[in-house]
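K.L.:
model this:
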Amino acid sequence: MSVAIVDTGVANFGSIQNAIARAGGTSFVSRTSADIERASHIVLPGVGSFDIALRTIDEHGLRDLLTRKVVQDRVPTLGICLGMQLFGRSSEEGRLAGLGWVAGRTVKLSNRELRVPHIGWNAVNWSTGDNMLESIEPGGRFYFVHSYHYEPDSAEEVIAHVDYGGQVAAIIRHGNIVGTQFHPEKSRTGGLQLLRNFLRMKN
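P.N.:
Here you go, the predicted model:
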């Protein structure tokens, strides 16, 4: 098993690598095609801004390669926070086209009665039996830091949600593609279990 953490310019790479190691995997950070080609799993990290992350991906010629690996070869792929938002078509945060792997877009949190950004621990709930949720209790608390959230075209892609002025997608799943609005690498026991479940995925 070899997990490629895509270097999108600015991210908490060390925290993600440490969490993957605690979950039983090995990982490396890279923005080279050769490294990503040999990866068994791919992670798009969750710190930075939409356009900067996509510009970094494009400048290093990774968009087409990642699309082939993820969409055609069905390599298990995890997007964390911003990484999940890159999966869609567009974002209110930026002007560039998203990766387009899932049918949705990212919008700004808009409830004026709540603090934006949404920072801190919050309960995540679900009613599905998806294997990404194996051994994680519904209502478990995960760590969030975000001002924008992913809005899918299909509600079926949302396998867990967080209540923050209404239901916000907390985990999405589209086949081999998984996205979390929270940071599993900062979410202690529940986050580590989710990473273990991700590492068990096969294409």
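
K.L.:
burial of residue 156, as a residue count?
P.N.:
By other Cβ atoms under 10 Å, the residues close to residue 156 number 11. Just so you know, the C-beta spots here come from the backbone N, C-alpha and C atoms, and that holds for glycine as well.

K.L.:
again with residue 67
P.N.:
Based on other Cβ under 10 Å, the number of other residues close to residue 67 is 14.

K.L.:
hang on, it packs against residue 97?
P.N.:
No - counting by Cβ atoms under 8 Å, residue 67 stays clear of residue 97, with 12.0 Å between them.

K.L.:
quick one: the strands in this structure?
P.N.:
Under the criterion DSSP state E, the chain contains strands at 3-6, 27-30, 41-44, 77-80, 90-91, 104-108, 118-125, 141-146, 148-152, 158-163, 167-174, 177-180.

K.L.:
Mind putting these into TSV with mean neighbour count?
P.N.:
TSV is the format used below for these (neighbours: other Cβ atoms under 10 Å):
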stretch	mean neighbour count
strand 3-6	26
strand 27-30	18
strand 41-44	24
strand 77-80	28
strand 90-91	20
strand 104-108	18
strand 118-125	16
strand 141-146	20
strand 148-152	21
strand 158-163	20
strand 167-174	21
strand 177-180	26
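
K.L.:
Which of those strands sits closest to residue 197?
P.N.:
Closest approach to residue 197 among the strands of the chain (Cβ to Cβ): strand 177-180, 8.9 Å.

K.L.:
Spatially central, which residue of this protein would that be?
P.N.:
Residue closest to the average C-alpha location in the chain (Cα atoms, centre = their mean): residue 79, at 2.0 Å.

K.L.:
Identify the residues contacting that one.
P.N.:
43-44, 46, 85-87, 177-180 (Cβ atoms under 8 Å, 6 or more residues apart in numbering).

K.L.:
Please name whichever of those residues scores lowest on pLDDT.
P.N.:
Within the contacts of residue 79, pLDDT reaches its minimum at residue 46, with 81.

K.L.:
Test my guess that that one contacts residue 82.
P.N.:
Yes - under the criterion of Cβ under 8 Å, residue 46 makes contact with residue 82 at 4.8 Å.

K.L.:
what's the distance between the residue nearest to the centre of the chain and residue 107?
P.N.:
Separation of residue 79 from residue 107 (Cβ to Cβ, to the nearest Å): 16 Å.

K.L.:
Kindly report the same for residue 116.
P.N.:
As judged by Cβ to Cβ, residue 116 and residue 107 stand 12 Å apart.
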